[in-house]
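> model this:
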Amino acid sequence: MKQLFQLFSTFFKIGAFTFGGGWAMISIIEKEIVDKHHWIERSEFLDLLAVAQSLPGILAVNISVAVGDRLKGMKGSLSAALGTILPSFLIILAIAIFLTPDIIKNNEVISSIFKGIRPAVVALIIAPVITSAKAAKLTWKTVIIPIAVAILIWSRIPVLSNPILYIVLGGIGGYVWFTRNELKQKEGTK
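Residues are numbered from 1 along each chain as shown. Have a look, this model is predicted:
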């Protein structure tokens, strides 16, 4: 029961004090889960992050569910997900009740707060990308593919700008690559 409350309170704190969505939360989630509580290893966190990214839905909720499941099964998933979702729900509810769009636009203090948050959000998004790249031991050679894919999607060429194409090609390429490596390893052991 104590660990369920720890899961809830940890993810509640992350959800309450992180601006910018899923990627902005990743470095904070990693520090809490891997460094502070030692619930999982860094390599396992990267694996869970990869799975969470590939699933539909909110990245922070997906990773909280995965960590909760890893630690305490279904109850852990529910308490971690609730901890992640509840702060945003309460904040949005308060904004909907008390702040109308006119108040936000016409109030210089509130406008300034939102303008000040923007650069911090960019930094919070860039930090986990760099950390994940270092932990995954990416080199310039392995970064070429994601950069090329991003450019092709951004190019707006109808055939080449469909992200689903690259997901399918990446899956096929990964399957071929790992199958080939397994065959090489089996031949090397004979």
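
> Surely Ser88 is in contact with Gly15?
Yes. Using CB atoms under 8 Å, Ser88 is in contact with Gly15, at 5.9 Å. The C-beta positions use only the backbone N, C-alpha and C, and glycine is treated the same way.

> Have a look at these two and say which one is more surrounded.
Between Ser88 and Gly15, counted using other CB atoms under 10 Å, Gly15 has the larger neighbour count: 24 against 16.

> So for the more buried one, what's the nearest residue that isn't a sequence neighbour?
Nearest residue to Gly15, sequence neighbours excluded (CB to CB, 6 or more residues apart in numbering): Pro87, at 3.9 Å.

> wait, what's in contact with that neighbour?
12, 15-16 (CB atoms under 8 Å, 6 or more residues apart in numbering).

> cool, Lys184 as well?
Counted by CB under 8 Å, 6+ apart, Lys184 has zero contacts.

> Give me the pLDDT value at it.
pLDDT, Lys184: 86.

> Can you tell me the element it falls in?
Per DSSP states H and E: Lys184 is located in helix 163-189.

> Break this structure into its domains for me.
2-137, 139-190 (automatic domain parsing).

> which residues touch stretch 145-161?
Applying CB under 8 Å, 6+ apart, the set of residues contacting stretch 145-161 is 162-163, 165-166.

> now with 7 Å?
163, 166 (CB atoms under 7 Å, 6 or more residues apart in numbering).

> Quick check: buried residues in that stretch?
Within stretch 145-161, the residues scored as buried using 16 or more other CB atoms under 10 Å are 149, 152.

> So for that stretch, mean pLDDT?
pLDDT averaged over stretch 145-161 gives 85.

> And that stretch, end to end?
15 Å (CA to CA, to the nearest Å).

> likewise stretch 129-140?
14 Å.

> Number the chain from 46, please
From this message on, residue numbering opens at 46, which makes the last subject stretch 174-185.

> ok, residues contacting that stretch?
By CB under 7 Å, 6+ apart, the list of residues contacting stretch 174-185 from outside reads 72, 75, 87, 91, 94.

> which ones are touching His82?
His82 sits in contact with Thr55, where contact means CB under 7 Å, 6+ apart.

> let's see 10 Å
By CB atoms under 10 Å, 6 or more residues apart in numbering, the residues touching His82 are 48, 51-52, 55, 76, 112, 116.

> next SSE after the lowest-mean-pLDDT helix or strand in the chain?
Every helix and strand of the chain was ranked by mean pLDDT, DSSP states H and E. The lowest is helix 146-151, at a mean of 75. Following helix 146-151 in sequence order, the next helix or strand is helix 153-180 (DSSP H and E).

> any weak-confidence spans in the chain?
Low-confidence segments of the chain (pLDDT under 70): 64-67, 235.

> how about the longest helix anywhere in it: buried residues?
In the chain, taking DSSP state H as the definition, the longest helix is helix 104-143. By 16+ other CB under 10 Å, the buried positions in helix 104-143 come out as 104-117, 121-130, 132-133.
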